[in-house]
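Q: what's the 3D shape of this:
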Amino acid sequence: MQFTLLHTDPGSRARAGSISTDHGEIETPIFMPVGTAATVKAVHQHELRDDIGAQICLGNTYHLYLRPGLEVLREAGGIHQFNGWKGPVLTDSGGFQVYSLAHRRKIKEEGVTFQSHIDGSKHTFTPENVMDIQRVIGADIIMAFDECTPYPCDYKYAEKSLGLTHRWLARCIERFDNTEPLYGYSQTLFPIVQGSTYPDLRRKSAEVIASFERAGNAIGGLSVGEPAEDMYAMTEVVTDILPADKPRYLMGVGTPENILESIARGIDMFDCVMPTRNARHGLIYTSEGIINIKNQRWQRDFSAIDPDSPAPTSRIHSKAYLRHLFINEEILGMQLATLQNLSFYLWLVKEARKHILDGSFPAWKEMMVKRVRQRL
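A: Numbers count the residues shown, from 1 in each chain. Predicted coordinates for the structure are as follows:
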C-alpha cells in the first residue's frame, strides 16, 4: 500500500491524498461502506461500484469468522472472490464486536474468550490468530487487535487497557511480519490508537503507534457515546502526533457533520453503519438536509429523492414513491434509501476533497455543516 499526500488545506488540517492498493486506487478523504458479513445490506456490488462510486468496502472479522467461516473463505480464494467485490477491502479486527459483547466475553493478557451471539459456542481471539484470520479473509488493509474501552471509562481502567492494547499490537506486528498473504496480493496492517477521552493517554498511544512506522494508522475508541466535542478534541491530539505521510482512519464515525469536522482535523478515512442502518428505518440523508421519509408531508411530494445524488435511482424516483414503499413495507424502499444515503456520504467526501484541493474547504465546510444537520 502506498499513500500520497497531495495537498493540505492552509486554513485547517484537511488533507487530500491517494492510497494505492493491489485492488485499486482510493482517493482521500474517503468513506467506506460497511459490509459486515461480506455484503453491504440491501445493495449489490455493481451498484456500489458503478452507481454510487464506492472505492473501498469494509468487512467484519468477528462476523466473517463465525459465518461463513474460515474454511469457506479460504476455499473461495478470499473475500474478493467470495463476494465478487473487486475493489479494496478493509477488515476490522473484531475488537469492537468483542467490546460490544461485554456479558459474553472475558479479557486476559493472552486474548479474549467470548461466546458466539449465534449459538453460544466459545471462541478465543488472540493478537496472533486475529492476524491469521484476517490473512484468510484476504482484506487489503487489516486492523490490529485492540481493546475498545467504553464511555464513560475511569482513568485507571483506560490506562490499564491502553497498556494491553500496546502489548497486543507488538504481538500482532510480530505475527503479521512473520506470515505471508495467501492469495497473491499484498496486505497492510494498521495499528489503532486508544486512550478513551484522556488527552495524556491519547498522546501516549499516538506516540507508541507512530513509533511502529506502519503504512497507515487508525484511531479507535471514539464515537462510543462521548460528546462530539470530546471526540474532536481527542482527534486533534492524535493527528498532531501521527505522521502526516501516512493515512489516518477514524473508526466508526459517524454523522455527516462528524465527518466534515473530522476531515477538518486531518482525518482521511471513515466508516460507519449509520447511513445503511438509518436508511432501513426511513431516515434519508440528502444534500439539502435530513428527511424522515415516513412523514405525511412527503405523501404528495413528487420531486426527486435527491436531484443532485450520484445514485441514478435517487434522481428517477420521487419522495412520494419512496414513502409509499416504506408505508407498504416493500423491500425496494430499503434498497433505494440505502443507495441514497451511501451516495450522499460518498458525494460529501468527494466534495470535501474538491474544496481542499481548490483552497475553499473552510468556508464550504461551515456552510455544509449547517445544511447537513437540518431536518427537512
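
Q: what sits closest to the residue located most distally from the centre of the chain if chain neighbours are left out?
A: What lies farthest from the middle of the chain is residue 300; by C-alpha atoms, centre = their mean that is 35.8 Å. Once flanking residues are discounted, residue 300 sits nearest to residue 320: 5.8 Å by C-beta to C-beta, 6 or more residues apart in numbering. Just so you know, the C-beta spots here come from the backbone N, C-alpha and C atoms, and that holds for glycine as well.

Q: using the three-state scheme, assign that neighbour.
A: Using DSSP: H, G, I helix; E, B strand; the rest coil, the structure places residue 320 in helix.

Q: who's in contact with it?
A: By C-beta atoms under 8 Å, 6 or more residues apart in numbering, residue 320 lies in contact with 298, 299, 300, 301, 302.

Q: once you drop chain neighbours, what's closest to residue 207?
A: Counting by C-beta to C-beta, 6+ apart, residue 207 lies nearest to residue 241, which is 5.8 Å off, once chain neighbours are set aside.

Q: the one you found sits in which helix or strand?
A: Assessed by DSSP states H and E, residue 241 sits outside every helix and strand.

Q: just give the nearest non-adjacent residue to residue 35, would you?
A: Residue 35's closest residue in space is residue 57 (C-beta to C-beta, 6+ apart), at 4.8 Å.

Q: ranges for the strands of the stretch 251-376 of the chain?
A: Assigned strands in the stretch 251-376 of the chain, in chain order: 269-271, 283-286, 289-292 (criterion: DSSP state E, counting those that start in this stretch).

Q: run me through the strand neighbours of the first one, direction for each.
A: Based on DSSP bridges, the strands next to strand 269-271 in the sheet, each with its direction, are strand 30-32 (parallel), strand 248-250 (parallel).

Q: how far out from the middle of the chain is the first one?
A: Yep, that's strand 30-32 we're talking about. With C-alpha atoms, centre = their mean, to the nearest Å as the basis, strand 30-32 stands 7 Å off its chain's centre.

Q: helix or strand right after that strand?
A: helix 45-46.

Q: check which helices and strands that next one sits against.
A: On a contact count with 3 or more C-beta pairs under 8 Å, 6 or more residues apart in numbering; DSSP states H and E, helix 45-46 meets no helix or strand.

Q: so for that helix, mean pLDDT?
A: Averaged over helix 45-46, pLDDT sits at 96.

Q: and the next helix or strand past that helix?
A: strand 57-60.

Q: buried ones in that next one?
A: For strand 57-60, burial by neighbour count (16 or more other C-beta atoms under 10 Å) applies to 57, 58, 59, 60.

Q: and it, what does it pack against?
A: Strand 57-60 packs on strand 89-92, going by 3+ C-beta pairs under 8 Å, 6+ apart.

Q: paired strands for the strand it packs on, with orientation please.
A: Within its sheet, strand 89-92 is paired with strand 57-60 (parallel), strand 141-143 (parallel), according to DSSP bridges.

Q: residues contacting that strand, please?
A: With C-beta under 8 Å, 6+ apart, strand 89-92 has contacts from 23, 32, 56-61, 64, 79-80, 134, 137-143, 249, 251, 271.

Q: residue 210 versus residue 175, what's the distance?
A: If you measure residue 175 against residue 210 using C-beta to C-beta, to the nearest Å, the figure is 21 Å.

Q: residue contacts, residue 25?
A: For residue 25, the contact set (C-beta under 8 Å, 6+ apart) comprises 18, 19, 55.

Q: and of these, the nearest to residue 38?
A: Proximity of the contacts of residue 25 to residue 38 (C-beta to C-beta) peaks at residue 55, which lies at 17.7 Å.

Q: what's the closest non-adjacent residue to that closest one?
A: Nearest non-adjacent residue to residue 55, counting by C-beta to C-beta, 6+ apart: residue 26, 4.8 Å away.

Q: now do the domain split for this protein, please.
A: For the chain, the structural domains run 2-271, 273-376, going by automatic domain parsing.

Q: how long is the shortest one end to end?
A: The first and final residues of domain 273-376 sit 22 Å from each other (C-alpha to C-alpha, to the nearest Å).

Q: where does the stretch 51-200 of the chain dip in pLDDT?
A: For the stretch 51-200 of the chain, the stretches with pLDDT under 70 are 99, 102.
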